[in-house]
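S.K.: What shape does this take:
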Amino acid sequence: MGLPEVLLDALDSGVAVNRDGVETPLQANVTLADAQRLYDLVRARRPEVTIELGFAEGTSALAIAQALEDNGYGTHHVVDPFENSYFEGVGLTSLNRAGLRNPGGVPRGLRRGSRSVVTAYFLRVH
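M.R.: Here you go, the predicted model:
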């Protein structure tokens with residue numbers, strides 16, 4: 001139990017891996033202390049549902065999802081219109097690498113016209 005190795009490695013090295021397996025500089029503004037506080041809060045409060053606006057590289061999502069996993073239940077919802085474009089899928093790739101993305105948590109691109117307006121992800125732990 002505790003923060004996932006994928007998160008610890010990324011924060012330590014300053015490098016994340018995008019959807020194509022290419023290393024990219026980590027742009028996260030979440031520190032190790034912030035991630036630990038998020039993890040500890042979710043473990044202590046044991047929420048059934050968490051919601052995150054802004055996914056970016058998945059730093060906070062990794063902490064929250066791991067805490068839900070360690071709690072044994074909960075659903076984490078994340079919405080970010082730039083996850084698959086600007087952030088090149090780093091967040092989703094990190095969740096995959098950490099083993100925190102279940103088959104039910106498939107990302108969906110909702111479209112309005114020809115522009116993708118949101119990427120939604122959820123993790124449900126039973």
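S.K.: List the buried residues for stretch 8-23?
M.R.: Of the residues in stretch 8-23, 10-11, 16-18 count as buried by neighbour count, 16 or more other Cβ atoms under 10 Å. Where C-beta positions appear, they are placed from N, C-alpha and C, glycine not excepted.
S.K.: so how far does stretch 10-22 reach from one end to the other?
M.R.: One end of stretch 10-22 sits 13 Å from the other (Cα to Cα, to the nearest Å).
S.K.: and it, how far from the chain's centre?
M.R.: 13 Å (Cα atoms, centre = their mean, to the nearest Å).
S.K.: With stretch 41-48 instead?
M.R.: 16 Å.
S.K.: buried stuff in that stretch?
M.R.: For stretch 41-48, by 16+ other Cβ under 10 Å, it's 42, 47.
S.K.: now do stretch 86-99
M.R.: 87-98.
S.K.: any idea of the mean pLDDT for the helix or strand containing residue 60?
M.R.: When elements are assigned from DSSP states H and E, residue 60 belongs to helix 59-71. When pLDDT is averaged along helix 59-71, the result is 92.
S.K.: before we move on, the earlier item: can you list the buried residues of stretch 8-23 in CSV and add pLDDT, secondary structure and distance to residue 33?
M.R.: Output for the buried residues of stretch 8-23, formatted as CSV (pLDDT from 0 to 100; DSSP: H, G, I helix; E, B strand; the rest coil; distance: Cβ to Cβ, whole Å):
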residue, pLDDT, secondary structure, distance to residue 33
10, 95, helix, 15
11, 95, helix, 10
16, 94, strand, 19
17, 95, strand, 23
18, 94, coil, 26
